[in-house]
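J.: Attaching a predicted model along with its sequence, questions to come.
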Amino acid sequence: MKKKWIVILNILMIAIVASCNQKQEVVEEKKSTKEEVIAQIEKTGLAVREAFAKGDIESIKLYHHPDVQKALSYMDIKNGREEVLQGLKGTMENFDLRFLDEKATEVFLYFDDVVVKQMRFGLELIPKNGDDPFVFRGRTLIVLQRSDESPTGWATIHEIIQPYQE
């Protein structure tokens, strides 16, 4: 009886090994190179800055994940795309916004479907009431993830803004 089980186990092992050695067709998804991802993220940033300049909330919405979280300051955290956009609408009712050509990427990390980017930036706020414009400078840490809703394939899921202080 014991010999019978050994024969059966040997046959099973041979069958398993044989099936593992068979050529199996595997369809692999094409992975983006880091250079391709950098270009996609730069395109995303440009589209967002253009939408800010136009005051185009609907376009800005496309580049934000529905569950986005933004820490705009120590006491101001926005949870969800609708809350982020509501705050932005209030700002855009009072100011025209123009990103300055001062952005400098400090960190760029790419992990398949997630990008972490840290950069310095400058933003000119032009009051709609005729007051003098002023510049807001700071650092931002942005986490983006792949998104089918975004025209560039990437959407912000998390952002922390650190204001510049002299």
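T.: In hand now; what should we look at?
J.: okay, which residue is most central for this protein?
T.: The chain has Leu144 as the residue nearest its centroid, 1.1 Å off, counting by C-alpha atoms, centre = their mean.
J.: quick one: contacts for Gln145?
T.: Shown in contact with Gln145 (C-beta atoms under 8 Å, 6 or more residues apart in numbering): His65, Asp113, Val114, Val115, Trp154, Ala155, Ile157. Yep, even glycine has a C-beta here, placed from its N, CA and C like the rest.
J.: on that earlier part again, the residue nearest to the centre of the chain bridge partners, please.
T.: Per DSSP bridges, the residues bridged to Leu144 are Val115, Thr156.
J.: Now do the contacts for it.
T.: Contacts of Leu144 by C-beta under 8 Å, 6+ apart are Ile41, Thr44, Val114, Val115, Lys117, Trp154, Ala155, Thr156, Ile157.
J.: Excluding chain neighbours, what is closest to the third one?
T.: With C-beta to C-beta, 6 or more residues apart in numbering as the criterion, Val114 has its nearest non-adjacent residue at 5.1 Å, and that residue is Gln145.
J.: Over to Thr91?
T.: Closest to Thr91 by C-beta to C-beta, 6+ apart is Leu97, at 7.3 Å.
J.: is that neighbour in a bridge, and if so with what?
T.: Using DSSP bridges, the bridge partners assigned to Leu97 are Leu125.
J.: Toward the C-terminus, what is the element adjacent to the helix or strand of the chain with the lowest mean pLDDT?
T.: Lowest mean confidence among the helices and strands of the chain (mean pLDDT, DSSP states H and E): helix 2-21, at a mean of 42. As assigned by DSSP states H and E, the chain's next helix or strand after helix 2-21 is helix 34-54.
J.: Touching that next one from outside, list them.
T.: 32, 56-57, 59-60, 63, 96-99, 103, 108, 110, 115, 117, 144, 150-154.
J.: For this protein, give me the ranges with low pLDDT.
T.: Low-confidence segments of the chain, defined by pLDDT under 70: 1-30.
J.: please redo it, this time with the cut-off set to 50
T.: Applying pLDDT under 50 to the chain flags the ranges 4-28.
J.: Now the buried members of the contacts of helix 34-54.
T.: 32, 60, 63, 97, 99, 110, 115, 117, 144, 150, 152-154 (16 or more other C-beta atoms under 10 Å).
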